[in-house]
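**Student:** predicted model follows, preceded by the sequence.
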Amino acid sequence: MTIKVAPSILAADYLNLAHDVALVENAGAELLHIDVMDGSFVPAIAYGPNWVKALRKVSNMTLDVHLMAVEPERYIDEFAAAGADIIGVHYEATNHIHRALQQIKGHGIKAEVVINPGTAVSLIEPVLYMVDQVLVMTVNPGFGGQKFLPEMIEKIATLDQIKREKGYDFDIEIDGGANDETTKMAYDAGATVAVAGSYVYDKVDPAAKIAKLKEVTAD
Ligand code: DX5
Ligand code: ZN
């Protein structure tokens with residue numbers, strides 16, 4: 001097994017997006033990570049549903065939509081209709097995390113709960129039975145290129161333990177500061193998916209970066 005790789009288009013070349021997406025797909029990336037930022041939950045603004053619709057047409061990768069928006073319920077239907085395969089909602093962004101996850105599942109797609117670095121795993125325990133993926137933020141959300149917070153490894157281990165104890169099979173995804181070293185640490189603790197933005201796209205050879213992430217997690 002190796003970790004599944006989800007390149008984040010936040011770090012891609014926007015004017016050559018189709019090229020950058022094909023590159024990572026051909027290199028074996030399983031998911032494409034799309035960051036949605038509303039300028040309120042996080043300061044930046046990025047990617048509306050039309051981007052997802054356009055990406056759906058050119059890619060067969062699993063479209064992994066990370067909603068960084070207050071009251072994400074307002075956007076779920078639109079992103080599902082646009083072709084998202086997974087939609088992630090932040091525990092911190094809604095008063096009704098259970099209902100938001102139900103709303104996602106109602107579209108017949110995968111539901112993901114996301115926790116910020118300051119949020120404990122225990123807070124999402126009541127919804128773990130219903131999710132397909134848990135995203136452990138390994139940086140504070142909002143920007144690419146930040147440093148991985150090693151303290152988050154413990155949360156991954158806790159989630160992995162809960163999975164074993166309860167027989168759940170959700171994926172555990174990390175997002176922020178992933179490189180070959182941090183991804184290996186996360187994989188060893190139980191992570192099954194790594195989002196990688198700047199590590200994959202900032203340097204000359206994205207395909208080699210994906211191969212490296214697969215190599216360090218091969219067992
Ligand atoms: C941060 C975003 C990430 C970002 C990761 O808020 O959620 O998906 O693209 O970028 P890197 O991999 O550069 O830390
Ligand atoms: Zn993200």
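**Tutor:** Right, received. Where do you want to start? Ligands and ions are numbered 1, 2, ... in the order given.

**Student:** could you look up the SS state of Ala111?
**Tutor:** What DSSP: H, G, I helix; E, B strand; the rest coil gives for Ala111 is strand.

**Student:** neighbours of the closest residue to it other than its chain neighbours, how many?
**Tutor:** Distances taken as CB to CB, 6 or more residues apart in numbering put Ile104 closest to Ala111, at 4.0 Å, once the chain neighbours are dropped. Bear in mind the C-beta positions are built from the backbone N, C-alpha and C, glycine included. By the criterion of other CB atoms under 10 Å, Ile104 has 29 neighbours.

**Student:** let me see the contact set for the closest residue to ligand 2 within the chain.
**Tutor:** Nearest residue of the chain to ligand 2, counting by CB to the ion: His66, 3.8 Å away. Residues near His66 by CB atoms under 8 Å, 6 or more residues apart in numbering: His33, Ile34, Asp35, Val36, Gly88, Val114, Leu135, Asp175, Val195.

**Student:** can you name the residues bridging to it?
**Tutor:** Per DSSP bridges, the residues bridged to His66 are Asp35, Gly88.

**Student:** what does this protein put close to ligand 1?
**Tutor:** Within the chain, the positions adjacent to ligand 1 are 8, 10-11, 33, 35, 66, 139, 141-146, 175-178, 195-199 by CB under 6 Å from any ligand atom.

**Student:** for ChimeraX, what selects the buried ones among these?
**Tutor:** This is how ChimeraX selects the buried members of the residues of the chain next to ligand 1, with burial counted by 16 or more other CB atoms under 10 Å:
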select :8,10,11,33,35,66,139,141,142,143,144,175,176,177,178,195,196,197,198,199
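
**Student:** and the nearest residue to Ile45 once chain neighbours are set aside, what pLDDT?
**Tutor:** Residue nearest to Ile45 in three dimensions, not counting chain neighbours: Gly39, with 4.4 Å by CB to CB, 6+ apart. Here the pLDDT value assigned to Gly39 is 98.

**Student:** what do you get for the one 10 residues further on?
**Tutor:** Pro49 is assigned a pLDDT of 98 by the prediction.

**Student:** shouldn't it be in contact with Ala82?
**Tutor:** Yes: Pro49 lies in contact with Ala82 (CB atoms under 8 Å); the separation is 4.0 Å.

**Student:** on that earlier part again, just the residues of the chain next to ligand 1: which are in strands?
**Tutor:** His33, Asp35, His66, Asp175, Val195, Ala196 (DSSP state E).

**Student:** who's in contact with the spatially closest residue to the fifth one that is not a sequence neighbour?
**Tutor:** Nearest residue to Val195 in three dimensions, chain neighbours excluded: Asp175, at 4.0 Å (CB to CB, 6+ apart). By CB under 8 Å, 6+ apart, Asp175 lies in contact with Ser8, His33, His66, Val114, Leu135, Val136, Met137, Thr138, Val139, Pro141, Val195.

**Student:** repeat that for Gly177.
**Tutor:** Here Gly177 is in contact with Thr138, Val139, Gln146, Lys147, Phe148, Leu149 (CB under 8 Å, 6+ apart).

**Student:** so Asn95: helix, strand or coil?
**Tutor:** State at Asn95, reduced to three classes by three-state DSSP: coil.
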